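Sequence plus predicted model, see below.
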Amino acid sequence: MASLSSNIVDPAPLSGIEGAKRLAAWTAVDRHIKPEHKIIGIGSGSTVPYVVERIVAQGKEVNKDRVFLPTGFQSKELIVKGGLTLADIDQYTELDVTIDGADEVDPELNCIKGGGACQLREKVLAEAAETFIVVADYRKNSHLLGTAWKQGVPIEVSPFAYAPLLNALLSPNKLGAKSAKLRMSPSGGKAGPVVTDNGNFVIDAVFSESEYKNPKEILVKLKLVTGVVEVGLFCGMAKVAYFGNEDGSVTALFASGRTELIGKSEEILPAKAQEN
Ligand SMILES: O=C[C@H](O)[C@H](O)[C@H](O)COP(=O)(O)O
C-alpha cells in the first residue's frame with residue numbers, strides 16, 4: 001500500500017480548541033482514509049474543515065480517483081473549494097468511510113449530533129459507510145450524554161408536525177422531556193425557526209440523567225412519533241472516536257471499549273514534504 005505521508009505539508013500550528021479539533025481530524029484521516037478508499041462521506045461542523053484539509057493534503061494523485069459525499073451545504077462547499085470531486089448518495093449507496101464531528105460522545109460511542117441541524121444527512125452517510133469515524137475536541141468526550149451538551153437532543157421534524165411533537169415532548173405522560181424548544185435562527189439571521197437543508201424544523205429536547213443512560217431508548221421512542229424525520233442520537237454507529245486534547249495528544253475511544261492515548265506531534269504531524 002502506498003504511503004501518503006510524503007505528500008503532506010504542515011500548515012501553521014494551532015493551539016487551544018482549534019488545535020485540538022485539528023489533531024483529532026488529522027489523526028482520523030491519517031488512520032482511516034487510505035489510498036484504497038474511494039467513496040468518502042464528509043460530515044458537518046467546525047471540526048470537519050480540518051478533515052478536508054488533511055484529505056486535500058494527501059495530494060491530487062490519490063484524490064483524483066475518489067468521490068466525496070457531503071452531509072449538507074457546508075460540507076458541499078468544503079468539498080468543492082478543496083478541489084475534490086463531489087458526488088451524492090443516490091449515485092453511491094455504499095461508502096468506504098464517513099468522518100464527522102459530534103456534539104457529545106459517551107464511553108459507548110453514543111453521540112449527540114445535530115448542533116448544526118445536519119443529523120438526517122449525517123446519519124444516512126454514517127449508516128451507509130463501512131466505517132464511521134467521529135472527530136472532536138476534548139470537551140465532547142463525556143461520561144454521560146447531556147452533561148457536556150446541555151441544549152438537548154436535536155430532533156428534525158416536519159414543519160407540519162412540530163407543534164404536536166413539542167406538546168408530546170413537554171407532556172409528562174407522553175414523551176416526558178425535561179424541556180423542549182423549537183430552534184430559532186440566531187438574532188441577525190432570518191427571523192423565525194432554523195430550517196434544515198431538507199426544509200424541516202429542529203426541536204432541541206433535554207432529557208433526564210436516567211434517560212441519557214439509555215440513549216437508544218430515547219432514540220427509539222422519538223423515532224416512532226409521526227412527523228419526526230431524524231433524531232440526533234447516533235447509537236452503535238461509530239467504530240472509533242478521536243478527541244484532540246489540550247496537551248497535543250489524541251484520545252481514541254473504540255467501539256470495543258478500548259482506549260488509546262496517541263502521543264504528541266511526530267506521528268500526527270509528519271515533516272514538510274512536496275505536494276502534488
Ligand atoms: O449538525 C451538525 C453536526 O452534527 C456536527 O457534526 C456537530 O454539531 C459537531 O460540530 P462541531 O465539530 O462544530 O463541534
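Cool, got the structure. Numbers count the residues shown, from 1 in each chain.

now the helices for the protein?
For the chain, applying DSSP state H gives helices covering 16-32, 48-57, 60-63, 73-81, 119-127, 162-170, 209-212, 215-223.

Double-check Glu209 against Leu145; I have them as touching.
No. Counting by Cβ atoms under 8 Å, Glu209 does not reach Leu145; the two are 9.4 Å apart. To be clear about C-beta, it is placed using only N, CA and C from the backbone, and glycine gets the same treatment.

higher neighbour count, those two?
Neighbours were tallied for Glu209 and for Leu145 using other Cβ atoms under 10 Å; the higher tally belongs to Leu145 (26 against 11).

Hmm, Glu104 and that one touching each other?
Yes. Contact between Leu145 and Glu104 holds when scored by Cβ under 8 Å: they sit 5.6 Å apart.

which residues are common contacts for these two?
Ile112 (Cβ atoms under 8 Å, 6 or more residues apart in numbering).

re earlier: quick one: which of the helices of the chain is nearest Ala238?
Comparing these against Ala238 with Cβ to Cβ, the closest turns out to be helix 119-127 (7.7 Å).

if you average pLDDT over that closest one, what comes out?
Helix 119-127 shows a mean pLDDT of 98.

Can you name the residues in contact with it?
41, 43-44, 69-72, 89, 95, 98, 100, 113-114, 132, 154, 156, 196-198, 200, 229-232, 234, 237-238.

Close to the ligand: what parts of the stretch 51-200 of the chain are there?
Taking Cβ under 6 Å from any ligand atom as the contact definition, the stretch 51-200 of the chain meets the ligand at 100-103, 113-119, 122.

try 5 Å
101, 103, 113-116, 118 (Cβ under 5 Å from any ligand atom).

sorry, back to before: quick one: closest of the helices of the chain to Ala191.
Ala191 lies closest to helix 162-170 among those, at 16.6 Å (Cβ to Cβ).

Okay, domains of this protein per the record?
5-143+235-267, 153-230 (automatic domain parsing).

Check those for me and report the most buried one.
domain 5-143+235-267 (a mean of 20; mean count of other Cβ atoms under 10 Å).

Quick check, the residue in this protein closest to the ligand?
At 2.4 Å from the ligand, Gly45 is the closest residue in the chain, using Cβ to the nearest ligand atom.

In this structure that residue contacts Gly116, no?
Yes. Between Gly45 and Gly116 there is a contact under Cβ under 8 Å: 5.3 Å.

Which neighbours do these two have in common?
Residues touching both Gly45 and Gly116 by Cβ under 8 Å, 6+ apart: Gln74.

follow-up on the earlier one: and the residue of the chain closest to the ligand, what does it touch?
By Cβ under 8 Å, 6+ apart, the contact set of Gly45 is 74, 100-101, 115-116, 118.

Could you report the pLDDT at Gly188?
Confidence score, pLDDT, at Gly188: 87.

The one 5 residues further on too?
According to the model's per-residue confidence, Pro193 sits at a pLDDT of 97.

sorry, back to before: export the helices of the chain to JSON lines and append columns for distance to Glu260.
As requested, the helices of the chain are exported to JSON lines (distance: least, Cβ to Cβ, whole Å):
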{"stretch": "helix 16-32", "distance to Glu260": "10"}
{"stretch": "helix 48-57", "distance to Glu260": "19"}
{"stretch": "helix 60-63", "distance to Glu260": "26"}
{"stretch": "helix 73-81", "distance to Glu260": "27"}
{"stretch": "helix 119-127", "distance to Glu260": "22"}
{"stretch": "helix 162-170", "distance to Glu260": "38"}
{"stretch": "helix 209-212", "distance to Glu260": "25"}
{"stretch": "helix 215-223", "distance to Glu260": "24"}
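
Out of these, which is closest to Gly189?
Closest approach to Gly189 among these is made by helix 73-81 (14.3 Å; Cβ to Cβ).
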